[in-house]
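Enquirer: sequence and computational prediction follow.
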Amino acid sequence: MSPESSASPAADAGTPGRLTGQQGRLHFQQQLQELETRALGGLDVVVEQLDRTLESLAHQDVELAQMVIADDDRVDGRYLEVHQGILSLLATQAPVAGDLRLVAALLHVIVHVERMGDQCVNIAKLIPLSGYEPPVREEVLQALLKMGAYARSEVLQCKAAFAARDVALAQDLIRQDREINRLNREIFRMALEIGDDPDTREWAMHMILVARAIERIGDNAVDVGEQVAFVATGLFPEFSDHPHPAGEETPKGA
């Protein structure tokens, strides 16, 4: 029997569902790139949600806030799409160390996308609680909108940093996050000093929760920035001003 006739077809086919050799590698890279594009595109969806959330906040627009809540399915759908795509990719391919870091990072990114969408919904749910004509204090509202502008900028910047694998740009997120944290403390102070009118105090308490939700959007953007460093270096740093316990850079994977 010749060597050709004795070769097993199963050996040529490889593991069922897997592509082998150069063809399999190219197919894997294409799929991984598509998943990264979809995951980072989720940050664009968050920016759209945040824009509408801030507009509804600026005008205390209850109807627009309800639209933000109803549209959360888009963010959740993007999460499920990317998550399932990554699991399918892992089931059919065998990524090498560098690709495995990217796969792990994308799983984190899409979780942060979903969390940022949830924070937009949390803000939108707070807006109707004080009624259609709440006793707005302009100084509090302007501070919240400034916080929102910083958070929006952070979301766009973390996307750009991830796409370019730009660790310095990712670390620069801390600069804007400091301003968000400062404004959060300032809003809390203003709310405590807002006076004795019950309706105004109730509105101010709701705005403290809004500020907290905006701060969390910024925190999640910083978390995406940390994934940039992980993909680029194989180390997982806690950026210095991030409100998690401080620690040394620790190798994660290869």
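Expert: Sure, I can see it.

Enquirer: strands of the chain, residue ranges please.
Expert: Under the criterion DSSP state E, strands of the chain are mapped to 235-236, 250-251.

Enquirer: of those, which shows the lowest average pLDDT?
Expert: In terms of mean pLDDT, the lowest-scoring of the strands of the chain is strand 250-251 (a mean of 36).

Enquirer: list the contacts of the residue nearest to Val228 when sequence neighbours are not counted.
Expert: Counting by C-beta to C-beta, 6 or more residues apart in numbering, Val228 lies nearest to Ala170, which is 3.9 Å off, once chain neighbours are set aside. Where you see a C-beta, it was placed from the backbone N, CA and C, and this is true even at glycine. Going by C-beta atoms under 8 Å, 6 or more residues apart in numbering, Ala170 touches 158, 161-162, 224-226, 228-229, 239.

Enquirer: for Ala170, give its distance to Val155.
Expert: Distance, Ala170 to Val155, by C-beta to C-beta, to the nearest Å: 13 Å.

Enquirer: before we move on, what about Ile174?
Expert: Following C-beta to C-beta, the distance that separates Ile174 from Val155 is 15 Å.

Enquirer: what's the answer for Ile217, then?
Expert: Applying C-beta to C-beta, one obtains 7 Å for the distance of Ile217 from Val155.

Enquirer: okay, these two: which has more neighbours?
Expert: Neighbour comparison, Ile217 and Val155: the larger count goes to Ile217, with 29 against 25 (by other C-beta atoms under 10 Å).

Enquirer: report how many residues lie close to the residue lying closest to the more buried one once chain neighbours are set aside.
Expert: Residue nearest to Ile217 in three dimensions, not counting chain neighbours: Ala151, with 4.4 Å by C-beta to C-beta, 6+ apart. Applying other C-beta under 10 Å, we find 30 other residues in the vicinity of Ala151.

Enquirer: so where is the stretch 51-200 of the chain shaky, pLDDT-wise?
Expert: Low-confidence segments of the stretch 51-200 of the chain, defined by pLDDT under 70: none present.

Enquirer: do you know how far the closest residue in space to Ala211 that isn't next to it in sequence is from Gln49?
Expert: Taking C-beta to C-beta, 6+ apart, and ignoring the residues beside it in sequence, Ala211 has Ile187 as its nearest neighbour in space, at 4.5 Å. Using C-beta to C-beta, Ile187 is found at 21 Å from Gln49.
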